[in-house]
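Trainee: Got a predicted structure plus its sequence, pasted below:
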Amino acid sequence: MTDLAGLRAAAAQSRAQAGLAQRGMPRDRPEAPDVKFASQLRAQTVVRDGLEFYQVEGYASTYERGYDMWDFFGPYTEIVSAGAADKTLAASPEVVFRFNHAGTPMAGTRNGRLELWSDEQGLGQRALLNPKRSDVQLLVQAIEDDDVREQSFQFRITEGVWSPDYTEYRINAFDLDRGDVGPVTYGANPHTSVAARSGEFLASIPNLPPLVAREAYTLLSQRADLAAPTATRHLAPAAPQTPAPQPHTDPQGRSLALLRTQLLVQKSDDED
């Protein structure tokens with residue numbers, strides 16, 4: 001099992017050693033990740049201007065609630081600060097409402113059928129949906145059946161700051177313009193960027209099929225930042241006039257750890 005606490009500590013140390021500015025964004029973090037939050041959705045029929053709509057209401061994000069993220073160095077906790085949406089909402093951003101961040105928009109701020117607000121709980125939204133659309137009918141039925149009950153939003157960070165130990169990143173302001181809000185199938189954790197999925201990859205390594213494991217090994221062995229042997233990091237000082245121990249590598253420069261991995265992969269492949 002992956003030691004997540006150890007990974008967090010190592011990642012934080014790497015950020016500090018890299019001289020990462022405390023107000024800099026996490027390295028290689030996507031500008032618009034799919035961050036999902038648990039949010040009770042409500043759907044009801046309303047009449048506006050003589051027309052009938054489905055009204056879907058809930059919170060697309062929750063303030064002051066940490067969630068797991070990954071950047072170039074590893075895992076960390078990200079938190080959206082209270083009031084982080086105030087500035088972007090004051091600028092009247094163009095935002096659309098859709099399911100799972102995909103498909104044709106069902107409502108938008110431009111046509112006045114999507115209302116956004118910010119309060120002590122988080123970023124709220126209220127959408128008026130056309131009941132004649134089949135995709136709207138399916139979404140509302142899924143909400144009523146409690147199959148869909150959470151929401152998400154896409155955004156770009158405009159202001160944020162790291163904690164002194166680089167284990168937590170706080171988003172103080174974000175930009176919603178040309179983004180979206182709406183229900184998602186699953187919530188609570190971001191899982192769309194390559195960096196965010198690193199944790200899933202680490203957990204799946206022991207059960208990777210031999211062909212996939214071998215390909216992963218090949219690609220990792222080609223990375224320059226992994227080429228330096230690590231076996232000598234904790235070696236005791238050499239005795240006087242004794243040649244320093246040579247790194248544990250084969251003639252091609254590969255570490256014994258990588259060779260052992262290759263042998264395990266090949267053995268698993270042969271057994272299949």
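Mentor: Structure's in. What do you need?

Trainee: helices or strands up against the longest strand anywhere in the chain?
Mentor: Counting by DSSP state E, the longest strand found in the chain is strand 51-62. Judged by 3 or more CB pairs under 8 Å, 6 or more residues apart in numbering; DSSP states H and E, strand 51-62 is in contact with strand 35-38, strand 42-48, strand 122-129, helix 134-144, strand 150-153, strand 179-184. (C-beta placed from N, C-alpha, C; glycine too.)

Trainee: for those, which one sits closest to Glu168?
Mentor: Closest approach to Glu168 among the helices and strands packed on strand 51-62 (CB to CB): strand 35-38, 15.0 Å.

Trainee: Averaged pLDDT, that closest one. What do you get?
Mentor: If you average the pLDDT over strand 35-38, you get 61.

Trainee: confidence score at Asn207?
Mentor: For Asn207, pLDDT reads 71.

Trainee: One more: Arg197?
Mentor: For Arg197, pLDDT reads 46.

Trainee: Ok, Leu263 next?
Mentor: pLDDT, Leu263: 50.

Trainee: how far off helix 134-144 does the longest strand of the chain point, in degrees?
Mentor: If you take axes from the mean of the first three to the mean of the last three CA atoms, to 10 degrees, strand 51-62 sits at 60 degrees to helix 134-144.

Trainee: Summarise which helices and strands the helix or strand just after strand 51-62 is packed against.
Mentor: Using DSSP states H and E, the helix or strand that follows strand 51-62 in sequence is strand 67-70. The contact analysis (3+ CB pairs under 8 Å, 6+ apart) places strand 67-70 against strand 75-80, helix 198-204.

Trainee: Could you list every helix and strand in contact with the following helix or strand past the last one?
Mentor: I take that to be helix 198-204. Counting by DSSP H and E, the next helix or strand C-terminal to helix 198-204 is helix 210-221. Applying 3+ CB pairs under 8 Å, 6+ apart, we find helix 210-221 packed against helix 256-271.

Trainee: just to revisit the earlier point, please put the alpha-carbon coordinates of the longest strand of the chain into CSV.
Mentor: Taking Å, rounded to 0.1, in the frame of the first residue of the first chain, the C-alpha atoms of strand 51-62 are listed here in CSV:
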residue,chain,number,x,y,z
LEU,A,51,-43.1,29.2,-19.6
GLU,A,52,-42.4,26.0,-17.6
PHE,A,53,-38.8,25.1,-16.6
TYR,A,54,-37.0,22.6,-14.5
GLN,A,55,-35.1,24.4,-11.9
VAL,A,56,-31.9,22.7,-10.7
GLU,A,57,-30.2,24.3,-7.7
GLY,A,58,-27.2,23.5,-5.5
TYR,A,59,-23.6,24.4,-4.7
ALA,A,60,-20.9,23.9,-7.3
SER,A,61,-18.1,24.3,-4.8
THR,A,62,-17.7,24.4,-1.0
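
Trainee: mean pLDDT lowest for which of the helices and strands packed on strand 51-62?
Mentor: What stands lowest among the helices and strands packed on strand 51-62, in mean pLDDT terms, is strand 35-38, with a mean of 61.

Trainee: nearest to Asn172, of the helices and strands packed on strand 51-62?
Mentor: strand 122-129 (14.0 Å).

Trainee: now the angle from that closest one to strand 179-184?
Mentor: 80 degrees.

Trainee: So in that sheet, which strands flank strand 122-129, and in what orientation?
Mentor: According to DSSP bridges, strand 122-129 forms sheet pairs with strand 51-62 (antiparallel), strand 114-118 (antiparallel).

Trainee: Can you pull out the low-pLDDT segments for the protein?
Mentor: 1-2, 30-40, 186-204, 209, 212, 227-272 (pLDDT under 70).

Trainee: Mind doing that once more with 50?
Mentor: Along the chain, the parts satisfying pLDDT under 50 run over 1, 187-197, 230-236, 238-239, 244-256, 259.

Trainee: related to what we said a few turns ago, identify, out of the strands paired with strand 122-129, the most deeply packed stretch.
Mentor: Compared across those, strand 51-62 shows the largest average neighbour count, a mean of 20 (mean count of other CB atoms under 10 Å).

Trainee: from the middle of its chain, how far away would that strand be?
Mentor: 25 Å (CA atoms, centre = their mean, to the nearest Å).

Trainee: contacting residues around that strand?
Mentor: Strand 51-62 is contacted from outside by 35, 37-47, 80, 85, 97, 113, 121-131, 136, 139-140, 143, 151-153, 181-183, using CB atoms under 8 Å, 6 or more residues apart in numbering.
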